[in-house]
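*Asks:* model the following, please.
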Amino acid sequence: MQFLWPQFLWLLLALPLLVGLYVYLLRRKKKLAVRYASLSIVKEAMGTGSQVRRHIPPVLFLLSMTALLLAASRPVAVVTLPSNQQTIILAMDVSGSMRATDVQPNRLVAAQNAAKAFLQELPRHVKVGVVAFAGSAQVAQLPTTNREDLVTAIDRFQLQRATATGNAIVISLATLFPDAGIDLESMQGGQRMRGFSLDNEKKPKKEFTPVAPGSYPSAAIIMLTDGQRTTGVDPLEAAKIAADRGVRVYTVGIGTVDGETIGFEGWSMRVRLDEETLKAIAQKTSAEYFYAGTANDLKKVYETLSSKLTVEKKETEISALFALAAAALALLSAGLSLVWFNRIL
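*Replies:* Predicted structure coming up:
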């Protein structure tokens, strides 16, 4: 724990003076008590319990003063708070290799089930959008809080050829920032991307100042894929755009790392999970990479992401907590004095 105004901590040195004053007043009262014929009679009348209780309110008051001085020093601590994340884009691979059965019942169904379970874990106020990508990338569902619409969009996935991981990131960013004028056509070398609205193409590109990677608190992208990029925008170039806008891109790899031959629509292809690129994307955007080798692993990954995106650790001033504790202790001290001795201290 740190303090924004540590100079106020010097006031804590006054507390021993208060203790000394209290001890002095106790001794002074003892001297005044010599008017009684016998001090033992007074002690016997008070009882041991009363002697202990009379010290409790002053101790509570002293603790109250301590908490108050700490509050004045403006303490700062790292605490876990509800996240400000308002929009999450699920970018999901629907390339032909997702029909592989190394993840039961197959990669696509396992990914669909994990994504739907993820939606159930999220707070209802968090908007979620869905982007499906293979050789191109399309918005399957615009960001919404309607979980039924999202589930329907996920269930409608159709397998296609090729893998354009970079396109998925760019389309996700265009969905998060529809007025930013992100020029997807120029990034494709003049080729029009399927799934991209002509209205967005006509919007002029706006100037903006890059921010620190991961500093945008209102949105995040989760990209799941099982293969290497075979077409489209360079994913690291797309990750750079996300990093400049402060958007984190969490990457999830599913399937075979070493490579596997998959049959699809009468032809076969060799697929291998490009972990190096997925890790680089996550690192560049200040996010994390996760590997899921089984359906159960994939479910756990989404559970982890749910907890990461719904709460966050933040350095926060906690002066109010110390002030509240000081007030509670002071009230308790005064209350006990009134109940026990019919006086304030």
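*Asks:* now do the strands in the stretch 151-300 of the chain.
*Replies:* Residue ranges of the strands in the stretch 151-300 of the chain, as given by DSSP state E, counting those that start in this stretch, are 219-225, 248-254, 260-264, 267-271, 289-292.
*Asks:* direction included, what does the second one pair against?
*Replies:* Spelled out, it's strand 248-254. strand 219-225 (parallel), strand 289-292 (parallel) (DSSP bridges).
*Asks:* that one: which residues count as buried?
*Replies:* Buried positions in strand 248-254, judged by neighbour count with 16 or more other CB atoms under 10 Å: 248-254. No exception for glycine: its C-beta is placed from N, CA and C like everyone else's.
*Asks:* which stretches of the stretch 101-250 of the chain form helices?
*Replies:* Assigned by DSSP state H, counting those that start in this stretch, the helices in the stretch 101-250 of the chain fall at 107-121, 147-155, 165-176, 184-187, 198-202, 235-244.
*Asks:* next, format those helices as TSV and append mean pLDDT.
*Replies:* Shown next, in TSV, are these (pLDDT from 0 to 100):
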stretch	mean pLDDT
helix 107-121	92
helix 147-155	96
helix 165-176	94
helix 184-187	64
helix 198-202	46
helix 235-244	95
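*Asks:* can I get these in a markdown table including mean neighbour count and distance to E303?
*Replies:* Shown next, in a markdown table, are the helices of the stretch 101-250 of the chain (neighbours: other CB atoms under 10 Å; distance: least, CB to CB, whole Å):
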| stretch | mean neighbour count | distance to E303 |
| --- | --- | --- |
| helix 107-121 | 19 | 7 |
| helix 147-155 | 16 | 17 |
| helix 165-176 | 28 | 22 |
| helix 184-187 | 16 | 33 |
| helix 198-202 | 11 | 34 |
| helix 235-244 | 22 | 24 |
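*Asks:* how about stretch 145-163 as CSV, C-alpha atoms only?
*Replies:* Provided in CSV are the C-alpha atoms of stretch 145-163 (Å, rounded to 0.1, in the frame of the first residue of the first chain):
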residue,chain,number,x,y,z
THR,A,145,-26.9,-7.8,-25.1
ASN,A,146,-29.4,-10.3,-26.5
ARG,A,147,-27.9,-13.6,-25.7
GLU,A,148,-30.5,-15.5,-27.8
ASP,A,149,-29.5,-13.7,-31.0
LEU,A,150,-25.8,-14.4,-30.3
VAL,A,151,-26.5,-18.1,-29.8
THR,A,152,-28.4,-18.2,-33.0
ALA,A,153,-25.5,-16.5,-34.9
ILE,A,154,-23.0,-19.0,-33.4
ASP,A,155,-25.2,-22.0,-34.4
ARG,A,156,-25.4,-20.7,-38.0
PHE,A,157,-21.7,-21.1,-38.7
GLN,A,158,-20.9,-22.7,-42.1
LEU,A,159,-17.4,-24.1,-42.8
GLN,A,160,-15.4,-22.5,-45.6
ARG,A,161,-12.0,-22.7,-47.1
ALA,A,162,-8.8,-20.8,-46.1
THR,A,163,-7.9,-18.9,-43.0
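*Asks:* of all the strands paired with strand 248-254, which lies closest to P105?
*Replies:* Between P105 and the strands paired with strand 248-254, the tightest spacing by CB to CB is seen for strand 289-292, at 14.7 Å.
*Asks:* tell me which residues in that closest one are buried?
*Replies:* 289-292.
*Asks:* for the chain, give me the ranges with low pLDDT.
*Replies:* 30-50, 79-85, 183-206, 258-271, 310-314, 343-345 (pLDDT under 70).
*Asks:* so what are the domain limits for it?
*Replies:* 2-78+316-341, 85-293 (automatic domain parsing).
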